[in-house]
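Engineer: Okay, predicted coordinates and the sequence, questions at the end:
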Amino acid sequence: MQKKLAAEFLGTLWLVLGGCGTAILAGASVGWVGVSIAFGLTVVSMAYAIGHISGCHLNPAVTIGLAAAGRHPKNEVLGYVIAQVLGGIVGAGIIFLIASNIQMPPGAPAWEVGGFASNGYGDHSPNGYGMVAALICEVAMTFFFLLVIIGATSKAASPGMAGLAIGLCLTLIHLVSIPVTNTSVNPARSTGPALIAGADALGQLWLFWVAPIVGAVLAAIVHKTVLGGDTETA
């Protein structure tokens with residue numbers, strides 16, 4: 001269990017460092033497409049690095065959804081979630097240490113640009129989408145993310161391809177939803193940046209816990225009742 005928790009901590013740290021780090025440190029150069037690819041690459045790389053140790057969830061919603069689908073032991077959920085949130089916080093802290101030592105644009109610390117890649121709605125949505133739009137988007141994106149994860153890790157799926165499928169799915173999710181919420185689908189990814197971004201991001205953080213978990217549990221229900229409900233992983 002200690003190895004699993006260490007893997008989840010390091011994997012989620014890398015997700016935030018690679019994905020949010022790209023948005024904060026290189027977003028002006030790579031744009032939303034580049035940030036989307038960066039998030040996908042973090043998952044692909046960690047899937048093959050720690051997938052055999054912990055399953056490479058890197059996301060409380062994924063852990064809860066897989067447990068609800070019968071794919072993960074329920075007695076490990078709390079430990080996984082704590083490790084993931086701590087990893088997200090440390091990843092955001094590392095970005096802050098880097099970003100707070102440069103100026104971009106002149107006179108404004110880089111970590112203030114874009115709210116430190118925090119998630120939000122209304123005035124804090126990249127394109128001004130409201131709370132209802134953000135809620136629907138996050139539920140829907142997480143729902144399909146979990147369906148892909150459950151399907152790609154099934155014993156009936158192509159062996160060795162799960163990490164690529166899941167990483168590409170996360171890339172697509174970001175391409176769709178960065179303009180809406182800055183893309184969460186992951187409470188741990190949202191929590192780390194929100195702690196640094198401050199009160200506005202923290203005040204909206206509830207949505208980026210509730211919506212991904214709801215989407216993940218709905219995917220587990222659909223998997224069980226509509227798509228066959230197998231509980232064996234590859």
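Structural biologist: Structure received. Numbering: from 1, shown residues only.

Engineer: Grab the nearest non-local neighbour of A92.
Structural biologist: G192 (3.2 Å; C-beta to C-beta, 6 or more residues apart in numbering). Quick note: C-beta positions are derived from backbone N, CA and C, even for glycine.

Engineer: OK, contacts around that neighbour?
Structural biologist: Shown in contact with G192 (C-beta atoms under 8 Å, 6 or more residues apart in numbering): 16, 20, 85, 88-93.

Engineer: Closest to W206 out of the residues you listed?
Structural biologist: V85 (14.5 Å; C-beta to C-beta).

Engineer: Pull out the buried positions in the longest helix along the chain.
Structural biologist: The longest helix of the chain (DSSP state H) is helix 21-54. Across helix 21-54, burial judged by 16 or more other C-beta atoms under 10 Å covers 21-25, 27, 32, 35-47, 50-51, 54.

Engineer: do the same with stretch 153-165
Structural biologist: Using 16+ other C-beta under 10 Å as the test for burial, stretch 153-165 gives 153-154, 162-165.

Engineer: Then stretch 78-94?
Structural biologist: 80-81, 83-93.

Engineer: Give me the distance from it to the chain's centre.
Structural biologist: 11 Å (C-alpha atoms, centre = their mean, to the nearest Å).

Engineer: For that stretch, give me every contacting residue.
Structural biologist: Residues contacting stretch 78-94 (C-beta under 8 Å, 6+ apart): 1, 4-6, 8-17, 20-21, 54, 57-60, 63-64, 72, 116, 186-193, 195-196.
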